[in-house]
Every structure is written in C-alpha cells, then in structure tokens.
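Trainee: my questions are about this predicted structure, shown below with the sequence.
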Amino acid sequence: MRFFPALVAVSVTVFGSAAVFGFAAVFGFASVLCFAAEFKGDTDKDRARMLARRNWWSFQPIARPAVPAIPGAWVRNPIDAFLLEAMRAKKLDPSPEASRELWIRRVTLDLTGLPPKPEDIAAWLRDLSTDADARVVDRLMASPHYGERWAQRWLDVVRYADTNGFELDAERTHAWRYRDYVIRSFNGNKPFDRFLKEQIAGDELFPGDKDALIALGFHRAGPEHLVGGNQDVEMNRQEVLVEMTAGISNSFLGLTMNCARCHNHKFDPILQSDYYRLQAIVANTENKDLDIAEEAEKARFEAAKKEWKALMKPVEDAIGTVEKPYRERLVEKKKLELEPRLRALLDQPKEKLNEKEREEQKNARDQIKPSWDEVLATLSDADRTKRTALRKELHLIELEEPLPAPAAYAIANSEKPQDTNVLKVGDHRMKLGTVGPGLPVVLASIVDRPVPQ
C-alpha cells in the first residue's frame, strides 16, 4: 500500500469489462519498483505472446456506438433502438406494452427490491401527466432502498460476507461498515473512479477520510480460514493473499487470474509471474481493524464495558467457586498421567528453562488443564444445579455486552515486510524466485527488458 501516495491525481475510469488501462494507471507506479525481480522463468516468447494480446476484450476503452436509426413509435429512447435492432436481427417482436399497474410493480421491484405500496399505485394511476413515469423513477432512485438493492450487486462481485466462512465461520464484528459504505456510495451517487480508488488504496490516496478507510474492507471481503491448533503460518498467509488477488483481478480487471497461480494462463493473457506481481502489491499488508472512533465514543465504550464487566465478575467468581475443587482434583489426576520428566518441569521457573523445555512446560500445562465438559461431568447433582442457574444468569448479562467503539474492517501496512515468490504449482514450499509489485505484462507501460515484436 506504500506505492500509492504519488498517484493521488490518477483517475480510475474503468470497471471490469471496460478499459482496464485506467486501473493500470493506478497500479502502474508499482511496476517501476521491482528492484529484486529474481524470477527468471519468463521467456521473451512468453512475454511477446502476452503483449500481442492487448486487444483482449476487457482491456478496451468504453466507446459510445452510434444509435441505430430505427423509426417507429416503440422507440422512445436510444436504449429502445438498440433493443429493437437486436430483436429484429433474431426475427423477434417486442412484447405487448405492460399495463400501468404492472409497470409500477416492475419498476419498483427493479429499483428497490420491494413491491410498491398501495398508496403509491393509486397515486400513479391518478397521475396522467406526460412525465409521470420519470417522476416515479426519480422518487425510487432517491429512496434509501435503491442503494440497499443495487449495492447487493457489487457486494456479490467482491464476495462480501458478515462472517469468515469455513468451519468456525466467526463473525466479523466491524465488516458491516463496508457493506453500509457501498450502500451510501450508491445512494450518494459517488463518482465511480472515486469509488474504486477508495477500495483499492483509500488509506494512501485519501488520508484522514473515514469512508476511505472503511472502503479497504474490500480486501477482506472474501472467506478467511481461521482455525485453532498447530498452524502453518506461511500457508495461511498465502490463502489470504490468494483471496485478495482474486478479488482485485475479478472485480477490476475483468479476468479470472487464479489459473495463473500455478502456471501461465492457457486462455487469458496472464503469465504466472504476473499473478505474483499483482499479489506483491498487497503482500506486505496485514488484516487490521483500524480505529475510526471519536474520543467521546471511546470513552462511552470504556465506561459501558467497565460497568458490564462489573456485572459479570460476581457471577463468574461464583461459578469458579463451584468448579474449583473439581478442577483441582482433575489437575492432580492428569499430572499423574504425565511422564515424570514433564511433571518435574511443571513447577520450574520459566527463566531457568531452555527454549525446548519452555515449550514442553507449556504443552504439559495445556495437557493437565481440564476442559469445561470434563469439569461438568464430575460435578455433584447439587453443584451442577447451582452452576446451571449461575450460567443462565451469566448468559443474560453476556447478551448485554456493549457494542465496541467504531473501527474499520480493513488492512494496514505490515511491520514485517516479506518477499513475494513465484510458487511452483501454487505451493508455498516450492519457491521459484522473487518478484516485485507490478502489473501484468500485457497491461504494463513499463517493462524491465525489451520484448521482441
């Protein structure tokens, strides 16, 4: 994300299937920062083949075609002319004109996703003025439901969800702010280039703008695999980067680049190294909830949280008192099941242990710690009844947990930057060489060596 401060004036004028060179301009600066492009797998033939395909459909600028000259009462605007031309080419005729009742139902459902109210239908039927339909459309597009309806299309494109997915499917506490940002953008008729810039690098391009920070939720919209137990940190990070790269390429380039994660794309003009250069643009970021709360909001939250914890503590202490003797007996029983060497480590001061012994001590303590269900299974009937009542009381208090202070579900520059490598068959363990951040060769205006025609 550090590549963008110099690009504040660049205009992103495109989306998906239209003139991706505007997007290329935003990321273009990154392509000159490839200081350590050690990957040598691309041949001149590969690169020339990519550059020869600059006429790829999704790279073409938007063009306004001539409106077909088709006479007739059915054609009321340019869109009608294109539709009628296409229908005639297939020897089709337009459907009969919809009744006024059907028309207002269709337009209301299309623009807001909701059926028209009876009073709106009645007012429409009474209004016989020549601009009645235009005023209905204006009213519906001014409704907050318009943004709620049409934001869904963009949220689907970027893979938005309120939860992480996978087996744990944890809730994303602050993700809804990105959803609402998209709705506000539609309802506020935000310029489309600004809408795209905010999501790509809002923190760098628009410092101090809360909406621009919230917009970075785009990069975290896809599924995230968070699980417990022993973790392969590098593999988990690569999964996150794969999702981020897919989001950028699918949403802004009109391409599905995932095939190039493992090999040069067989159909689209994308090299495998292109995939990882694009990934390198976001590789040195980290998922982070960014503070956007005012001081008064933080103070209110801290006060409410303190009060809530004060309600929780006596109940938690009472549960702990009930469970304590049972937990202690379980711990002593589990200690006897450990190897004598591990038992001896349990009471040793941490500073007197070497690294291996400290790890063994931690694992041993984890092994003797009783789980809640083990404790529950050993409780007497009377203590189980007492604990159940306390747990019900605790759950009622937990439901009143205060909402956290506002934060943006976003990304930030990592404090531990790492190289990006081209990976053989996409496997993080098989590195083929480093690449720097940059655009796909077919889009780049600057290449690091001459390419034969």
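Mentor: All right, it came through fine. Just so you know, these numbers come straight off a predicted model, no measurement behind them.
Trainee: in contact with the closest residue to Phe267 other than its chain neighbours, which residues?
Mentor: In space, and not counting its chain neighbours, Phe267 is closest to Cys259: 7.9 Å by C-beta to C-beta, 6 or more residues apart in numbering. To be clear about C-beta, it is placed using only N, CA and C from the backbone, and glycine gets the same treatment. Applying C-beta atoms under 8 Å, 6 or more residues apart in numbering, we find Cys259 in contact with 265-268, 270.
Trainee: which ChimeraX command selects the buried ones in these?
Mentor: The ChimeraX command for the buried members of those (criterion: 16 or more other C-beta atoms under 10 Å) is given here:
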select :265,268,270
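Trainee: what would the contacts of Cys259 look like in a markdown table with secondary structure and pLDDT?
Mentor: Written out in a markdown table, the entries for the contacts of Cys259 read as follows (DSSP: H, G, I helix; E, B strand; the rest coil; pLDDT from 0 to 100):
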| residue | secondary structure | pLDDT |
| --- | --- | --- |
| His265 | coil | 90 |
| Lys266 | coil | 87 |
| Phe267 | coil | 85 |
| Asp268 | coil | 87 |
| Ile270 | coil | 92 |
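Trainee: turn the contacts of Cys259 into JSON lines, columns for distance to Arg159.
Mentor: Conversion of these to JSON lines gives the following (distance: C-beta to C-beta, whole Å):
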{"residue": "His265", "distance to Arg159": "21"}
{"residue": "Lys266", "distance to Arg159": "24"}
{"residue": "Phe267", "distance to Arg159": "22"}
{"residue": "Asp268", "distance to Arg159": "20"}
{"residue": "Ile270", "distance to Arg159": "20"}
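Trainee: just the contacts of Cys259 now: which is nearest Pro115?
Mentor: Taking C-beta to C-beta as the measure, Pro115 lies nearest Asp268 of those, at 41.8 Å.
Trainee: so the nearest residue to that closest one once chain neighbours are set aside, which of the three states?
Mentor: The shortest distance from Asp268 to any residue other than its chain neighbours is 5.4 Å, reached at Leu255 (C-beta to C-beta, 6+ apart). Assigned with DSSP: H, G, I helix; E, B strand; the rest coil, Leu255 falls in the coil class.
Trainee: list the contacts for Leu255?
Mentor: When contacts are counted by C-beta under 8 Å, 6+ apart, Leu255 is found next to 58, 249, 268, 270.
Trainee: ok, the second one - how many residues close by?
Mentor: If I follow you right, that is Ser249. Per other C-beta atoms under 10 Å, the neighbour tally for Ser249 reads 22.
Trainee: measure it to Glu351 for me?
Mentor: Taken as C-beta to C-beta, to the nearest Å, the spacing of Ser249 relative to Glu351 amounts to 50 Å.
Trainee: likewise for the first one?
Mentor: For Ser58, the distance to Glu351 (C-beta to C-beta) stands at 60 Å.
Trainee: the more surrounded of those two?
Mentor: Counted by other C-beta under 10 Å, Ser58 and Glu351 do not tie: Ser58 has more neighbours, with 15 against 6.
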